[in-house]
Every structure is written in C-alpha cells, then in structure tokens.
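Colleague: Following is a predicted model, sequence given first.
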Amino acid sequence: MKSARMQPPPIIDVIEPHGMCAGVNAAVAKALAIAKSGEGPFYCLHELVHNDIVIRELQELGFRFVESVEDVPEGGKIIFSAHGVSPSVRERAIERNLEIIDATCPFVSKVHRSAREMVKKGLPVVVLGDPKHVEVQGIAGEIISVGGELAVGFDSVEKNPRFAEGSKIGVVTQTTMNAADVERQVNSLKAKFKVQSDAKVCGATDERQEAVRSYCKKAGAGVGVLVLGSATSSNTRRLAEVASSCGAKVFVAGCLDDLDAIDFSGVARLGVTSGASTPERFYNDVIRRLRRMPEHVAIIMDGNGRWASARGKPRGEGHKAGADTLGKVLNWCGEKGVRYLTVYAFSTENWKRPKVEVNGLMSLFATMLRKKEREFIANRVRFRMIGRRGDLSKSLLSVIEKLERKTEMFERQLIVAISYGGRAEIVDAVNSAIWRGEMVTEETFRNCLYAPDVPDPDLVIRTSGECRTSNFLLWETAYSEYYFTDVLWPDFSEEEFDRALASYAGRDRRRGGI
C-alpha cells in the first residue's frame, strides 16, 4: 500500500550556499565532454563523485565505474575521480597505455602537494579523515610514494611509535571533513607535538557547514534541516552532523521517493541544504515539491513604457527599470526553487517600434548580458536565447553566444525570448521538420522547437493589466496556468510574485483528466 503523502512544514527555507562545488561541477563537465566525444564504454576509477543520481546518469551515458585500473582494457580511456589518486595508480595507468582524463578537485591536488612538501622537510604526516575514503587513500599514497612516514586518522597517531611526543609533525586532512572536528583534532595534536598544519577543509565544504550553523541559530525552536545527498557522500553526512550538533531535527534524502517516508511532525520551520556533490536540479525538485512550486515560470514583461510615461521619463528609462526587475525575479526564482525562467523581452512585432527605441533595447540587452556574466556564473545560471537569431546584429549575437557557451553546464536556466514570436517558432519548426524529411508527430515537432529540451511552462505571468498571450510560447503553453496582474513590470515585487505562486499552488492541474 502506498504511504500517505508527505506533509511538509509550514515554512520552507533555502539555505545558501548549498549544492555542487566548483570542483565537482568541473569533474562532471569533463565526464559529459567525454561522453559527447564518442561511443562508450567509458571508464572511471571509483565513483566520479559520491552521488547516486549523478552516477546513474553517467551509467546511462555509457560510463563504467571500476575499482582498479586493471579493470580497464589496455589502451582504453579512464577518468580519475574528483577525489584524486595516488602516484602509483597513475603510474600503473600509464604503463597500461590508458588515456587519462584527470578530474581531481584542485583543492585535493593542493593537499597532495602539501603532504609531499612536508615529507621533503623530514616530517612524518598525519592524514585526518576516514581511512576507507578514496581521497584519504590517495593522499596516503602520495606520502608513501616519496618515502614518508604517516598515520591515517586521528586515533592512529598514539598507536604509532614513530610519532614521538614533542616531535615535529605535519598534518593534512580529507577535504570534506567537519571543519569544527578538524580544528579540534589539530588543537589536540598541538598539545603533544610541534605541528605544521595545512589541515583545511575545502572552502565550499566549510561555507555550506557554516551556512547550516547560521541558519539553525537564527531559526530558533522547532527548526528542522533537510540534507539532500547520497549516503555515500562524506560532505552530506557532515552537514547532517553539523545540523544535529546545533539542535535541529535532521532529515536526509537521496531521491524524491525518500521524501514520502519522512515525518516532519513537530517541525515548524525547515531549512533545506545539500552536499557538495548533489545536483542542483534535484535540490530544486525537492523545494518545488515541498512548496508546490512550478518548475518553469514564463513572464510577459509588459508595462515598461507606461511606467516611464507616468513618471515623465523617456521609454528607455522604463526598459532599464524593467531590466533591474528581471534581475530581482531571477534571484527570487533561485531562492524559491524555480528551475526555468523564460521572459518575453522583444517580439518579432517589436521591430515595428521607432528605430531609436529598438536600438536602445538592443544596446541594453548587450550591456546587461556583459554586466551579468559573472553573476550568472557565480549563481550557476545557464543563459539561453530563443528567437530568430538572424534578425540580430553580429555584435549582439556574439555577446549572447559567448554567454551561452560559458554557462551551458549549469542546470538553472534563464531563457530570454528576443525577436521571438510563437507563430514564427511554429513556422520555423514546420520548415525544420520538412527539411529533416521525417513524419511529423507531436514528439518530432517538439524536437524542432527553439528549446526542445525545456519543459513546458507551468505558470505564465503577465503584468500591466493586459489579458492576452501576445503570440508568446503558443505551442508550449497549451496546459499552462495563467496569472494576470495590473502591476507594471518595473513595479513587479516579490510580494506580487508570491501571490502568483500561491495562486498556482492552489490550482488543481488535471490536464484533461479527472
């Protein structure tokens, strides 16, 4: 019998920062690049990252995860995981003529270098962490490769006669440890030894743990923390430990089905975080389920000109104010778990406007995209454009495509419709289908749309009091919910956005069913 639907707490908070760190993102990007390069199988030594969702997806792309380089056919291609490997493993891979793709996290590589330098100074080295973890095994192998003495794990130091009390020692750590535990262990060692320490957890791990501490402190009584990530993930377990030590009621989920088994009784406020190897799309899926949030919001941003006219300003000032509002809405979408935001920036019909206004808008697009590039990357937002690219100037198109390339690995998306019309998209899709010479079905037709991989909008918001679709996403919005507001786009506030989301959450979406 299926269990009763999970009842979430009344308040759901996003804990920032959370989720994949830069090192894990880079490792996954390398794996995906390999998958695109040709047919599998592809080999990875150990799990690329400790997350079941990522591993399953890579297996579907042809990856095989092995525990030894001996399991890879001679001359094959192998990727070293984000956790790093020992020099002996690397040397054996070279001996077997394997093509090596190194996805080791840069911070882990730094620990390897620090350990080598300590050995060169004649110091025995303590490696703090889990002796069974592949990262710790790789660091230990680095020390052994240069003839160093080592103790793996804090408890092993006292048992090792080579670590005489009062002697000089070096200390490094597994990068995903609890930062407070590492500090406590290092201080304990300093009481007995002359310590040279480079025992630092990675910045992303430390930031995520500190964010949980800060959240628990501010949230007060009745707080719970939901940690998203796999049971095999060290950083996920450390986040749970931190939340528990702060007095929070702790829950852990590795997939959406896990949520149905969680009893949130007694939790008045729930903060949601995720380990440094947890995909952002899974995080967003959880937030949406807890809050009944739409996955994809589309907005017809209307009213810039009227906003400017009402204030005695040129229309261009209204467009600038509208651009500022878009930046705020994108941030709100991230906080609330909305994965896709599509905005109607410039229609195919808008080319009929005065040339000075059109030129001003095109200049504003280019300026805004250049200005926002670092912000998109920092917030892990993928930028995409839909519309007729041939209508745009080469300079603007260059800015757009450069930003698309730089952000293509991110999961949360901002899709901007420029020189776009719903009818134009359908016509272009028909012509593409004819050119392909394939039988047209709904599925094959969808594959010819501007962004066929993006799910249809769940909610379409239109500002400024107009109640029409204005040729926007005609195919994609067949079953979308609509929310109309009299608020002009530059004045669109988070409160109004919340009203739209609340309206959506209260609707029963049957999609033609009962």
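Modeller: On my side now, so go ahead. Residues are numbered from 1 along each chain as shown.

Colleague: What's the end-to-end length of stretch 488-508?
Modeller: End-to-end distance for stretch 488-508, by CA to CA, to the nearest Å: 28 Å.

Colleague: Please work out which residues outside that stretch touch it.
Modeller: With CB atoms under 8 Å, 6 or more residues apart in numbering as the test, stretch 488-508 has contacts from 291-294, 301-304, 306-307, 318, 321-322, 324-325, 328-329, 332, 336, 458-459, 461, 463-464, 481, 483, 485, 487. (Glycine included, C-beta is placed from N, CA and C.)

Colleague: Please apply the same query to stretch 26-41.
Modeller: 20, 42, 44, 48-49, 54, 58, 61-64, 77, 79, 81-82, 101, 103, 105, 409.

Colleague: Give me the buried subset of these.
Modeller: 20, 42, 44, 48-49, 54, 58, 63, 77, 79, 81-82, 101, 103, 105 (16 or more other CB atoms under 10 Å).

Colleague: measure the spatially closest residue to Phe107 that is not a sequence neighbour to Asp391 for me?
Modeller: Closest residue in space to Phe107, ignoring its immediate chain neighbours: Cys202 at 4.3 Å, by CB to CB, 6 or more residues apart in numbering. Noted for Cys202: a distance of 45 Å to Asp391, by CB to CB, to the nearest Å.

Colleague: Tell me how many other residues surround Val286.
Modeller: As a burial measure, Val286 scores 23 neighbours (other CB atoms under 10 Å).

Colleague: is it fair to say it lies in a helix?
Modeller: Yes. Residue state for Val286 (DSSP: H, G, I helix; E, B strand; the rest coil) corresponds to a helix.

Colleague: on that earlier part again, how confident was the prediction at the residue nearest to Phe107?
Modeller: Turning to Cys202, the model gives it a pLDDT of 91.

Colleague: Now do the same contact list for the residue nearest the centre of the chain.
Modeller: By CA atoms, centre = their mean, the chain has its centre lying nearest to Glu280, at 3.5 Å. With contact taken as CB under 8 Å, 6+ apart, Glu280 is in contact with Gly19, Met20, Arg380, Phe410, Glu411, Arg412.

Colleague: out of the residues you listed, which are inside strands?
Modeller: Judged by DSSP state E, the contacts of Glu280 include Arg412 as members of strands.

Colleague: ok, back up a step: higher neighbour count, Cys202 and Asp391?
Modeller: Cys202 (25 against 15).

Colleague: quick one: the more buried one from Val111, how far?
Modeller: Separation of Cys202 from Val111 (CB to CB): 9 Å.

Colleague: what does Val356 give?
Modeller: Distance, Val356 to Val111, by CB to CB: 58 Å.

Colleague: out of the two, which sits in the more crowded spot?
Modeller: A count of neighbours by other CB under 10 Å puts Val111 above the other of Val356 and Val111, at 25 against 11.

Colleague: Doesn't that one belong to a helix?
Modeller: Yes. Assignment of Val111 by three-state DSSP places it within a helix.

Colleague: sec struct for Gly166, please.
Modeller: Assigned by three-state DSSP, the conformation of Gly166 is coil.

Colleague: count of neighbours near it?
Modeller: Look at Gly166: counted by other CB under 10 Å, it has 7 neighbours.

Colleague: where exactly do the strands run in the stretch 301-450 of the chain?
Modeller: Along the stretch 301-450 of the chain, counting by DSSP state E, counting those that start in this stretch, strands occupy 340-347, 381-386, 412-420.

Colleague: what sits up against the last one?
Modeller: Outside of strand 412-420, the residues that reach it under the criterion CB under 8 Å, 6+ apart are 280, 284, 330, 333-334, 339-348, 351, 365, 376, 379-389, 391-392, 400, 450-451, 454, 472-473.

Colleague: how about CSV for the contacts of Glu280, with pLDDT added?
Modeller: Listed next are the contacts of Glu280 as CSV, based on pLDDT from 0 to 100:
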residue, pLDDT
Gly19, 93
Met20, 92
Arg380, 90
Phe410, 91
Glu411, 88
Arg412, 92
